[in-house]
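*Asks:* only the shape, not the letters, is given here:
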């Protein structure tokens, strides 16, 4: 996951003329509309797609080499790219960050973070051959048994919540898909914050 | 669901100077990068969020008043907006298109459409009081029993697949979350097509 710079929208990306905030005809919310060519520039939430990579009874975590939360442990993940399925994006990020190939075992947790307009989706996955390494955004990669999980050094609430669900579900072998909201008081409905302001607008 | 005009990216939305396609340092794919202020303009898939609105043994469908697929039947849905949870977006679209308030019963189907960089998410929901109406994008709204579903007049494959799952699961009362890919041969990995070219880039 890299940090995302949220650039201000001042100009039309199509024709280069200034935009202004207007409610387009037939719409009910303000959009950036071009003063010259009338193009409407929509902004939509982004998907962050992640894996819970498992080998035998252990889970693969990465220690972050980049801000935010440098030095803390995370599950591999990042922004879904155009042309990808959600699982393929999670598998790509697992390769990039943990140099592990994975086979998917299905969608597991979904988190809404409306204050930063991000939707997180975690997939359970098996690490092929138990092989892994260290990607460019990673300081260290390690397989953890449940009692070894560094709960106080996890990078984000979505990581600790997903791991807690995983270890609670594992004895039964049943892993229902869970959808949860992470609501930051007073922030719901506001547009995404500039990077760094809340530690959450990461790429 | 409205049609989305995919405008070309020629200029920096931040400073108005021309952009060019480059692989930024530390990245591995081409992005639009500003020649003047170096802002990187990322493009990411969009979420289309929808409801399966149910009242007693019937499902609420809308006949589309807008292109694409004008005149065909759909489940209410549309692009997730910034600041929304995925279910709240589905409930908003259900109000806008079918004038129905809904209580959610959970995530049900997820479809990857990588050729147009859209991820569809359908939620099961109950229509409060069995009350509904006709939104601006809708010609007609109606509750259908299973034998009445107009299978040959459904607007999109994601609609018919979700309804087929729903009626197959309903006797058991168990509705597992399903994730499926809708792959258009030869199109995977390509950027989103201009509106109208494939009937799929809708807003």
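*Replies:* Sure, I can see it. Since we're looking at a predicted model, the values are computed, not measured.
*Asks:* going by C-alpha atoms from here, please, whenever you check contacts or count neighbours.
*Replies:* Will do.
*Asks:* and the residue minimising distance to the centre of chain A, which of the three is it?
*Replies:* Most central in chain A under C-alpha atoms, centre = their mean is residue A:48, positioned 2.7 Å from the mean C-alpha point. Of the three states, residue A:48 takes strand according to DSSP: H, G, I helix; E, B strand; the rest coil.
*Asks:* pretty sure it is touching residue A:116, no?
*Replies:* No. With contact defined as C-alpha atoms under 8 Å, residue A:48 does not reach residue A:116; the gap is 11.6 Å.
*Asks:* can you tell me how far residue A:59 is from residue B:7?
*Replies:* For residue A:59, the distance to residue B:7 equals 43 Å [C-alpha to C-alpha, to the nearest Å].
*Asks:* show me which of these two is the more surrounded one.
*Replies:* When residue A:59 and residue B:7 are compared for neighbours, residue A:59 comes out ahead with 22 against 15, by other C-alpha atoms under 10 Å in any protein chain shown.
*Asks:* domains of chain A?
*Replies:* Structural domains annotated on chain A: A:8-43, A:46-181, as defined by automatic domain parsing.
*Asks:* picking up where we left off before, ok, the residue nearest to the centre of chain A - contacts?
*Replies:* Residue A:48 is in contact with A:77-80, A:118-121, counting by C-alpha atoms under 8 Å, 6 or more residues apart in numbering or on different chains.
*Asks:* from residue A:118, how far off is it?
*Replies:* Look at residue A:48 and residue A:118: by C-alpha to C-alpha, they are 7 Å apart.
*Asks:* cool, and residue A:76?
*Replies:* Taken as C-alpha to C-alpha, the span from residue A:76 to residue A:118 is 16 Å.
*Asks:* who's the residue nearest to residue A:183 when sequence neighbours are not counted bridged to?
*Replies:* Distances taken as C-alpha to C-alpha, 6 or more residues apart in numbering or on different chains place residue A:113 nearest to residue A:183, at 6.5 Å, with adjacent residues excluded. Beta-bridge partners for residue A:113, by DSSP bridges, are residue A:118.
*Asks:* again, but for the one 10 residues further on
*Replies:* Following DSSP bridges, residue A:123 is listed with bridge partners residue A:51, residue A:107.
*Asks:* repeat for residue A:33
*Replies:* Beta-bridge partners for residue A:33, by DSSP bridges, are residue A:20, residue A:40.
*Asks:* residue A:66 - how many residues pack around it?
*Replies:* Counted with other C-alpha under 10 Å, the neighbours of residue A:66 add up to 17.
*Asks:* quickly note the distance from the residue lying farthest from the centre of chain A to residue B:17.
*Replies:* Computed with C-alpha atoms, centre = their mean, the residue of chain A farthest from its C-alpha average is residue A:36, at 35.7 Å. The gap separating residue A:36 from residue B:17 is 16 Å, by C-alpha to C-alpha.
*Asks:* also residue A:178?
*Replies:* In terms of C-alpha to C-alpha, residue A:178 sits 44 Å off from residue B:17.
*Asks:* give me the contacts around whatever helix or strand residue A:97 lives in.
*Replies:* Element membership of residue A:97, judged by DSSP states H and E, is helix A:86-98. Applying C-alpha under 8 Å, 6+ apart, the set of residues contacting helix A:86-98 from outside is A:49-51, A:53, A:62, A:76-81, A:100-102, A:104, A:121-123, A:132-138, A:141, B:112, B:119.
*Asks:* just those: which are in strands?
*Replies:* In strands, defined here by DSSP state E, the members of the contacts of helix A:86-98 are A:49-51, A:53, A:62, A:77-79, A:102, A:104, A:121-123, A:138, A:141, B:112, B:119.
*Asks:* filter those residues down to the buried ones, PyMOL style.
*Replies:* In PyMOL, this line selects whichever of these come out buried by 16 or more other C-alpha atoms under 10 Å in any protein chain shown:
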select buried, (chain A and resi 49+50+51+53+62+77+78+79+102+104+121+122+123+138+141) or (chain B and resi 112+119)
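*Asks:* before we move on, what SS does residue A:7 have?
*Replies:* coil.
*Asks:* the closest residue in space to it that isn't next to it in sequence: what's it in contact with?
*Replies:* Spatial nearest neighbour of residue A:7, excluding adjacent residues (C-alpha to C-alpha, 6+ apart): residue B:14 at 6.0 Å. Neighbour list for residue B:14: A:7-11, B:39 [criterion: C-alpha under 8 Å, 6+ apart].
*Asks:* surely residue A:49 meets residue A:120?
*Replies:* Yes. Using C-alpha under 8 Å, residue A:49 is in contact with residue A:120, at 5.8 Å.
*Asks:* for the residue farthest from the centre of chain A, which non-adjacent residue is closest in space?
*Replies:* Excluding the flanking residues, the one nearest residue A:36 by C-alpha to C-alpha, 6+ apart is residue A:17, at 6.2 Å.
*Asks:* tell me the contacts of that neighbour?
*Replies:* If you count contacts by C-alpha under 8 Å, 6+ apart, residue A:17 has them with A:11, A:34-36, B:16.
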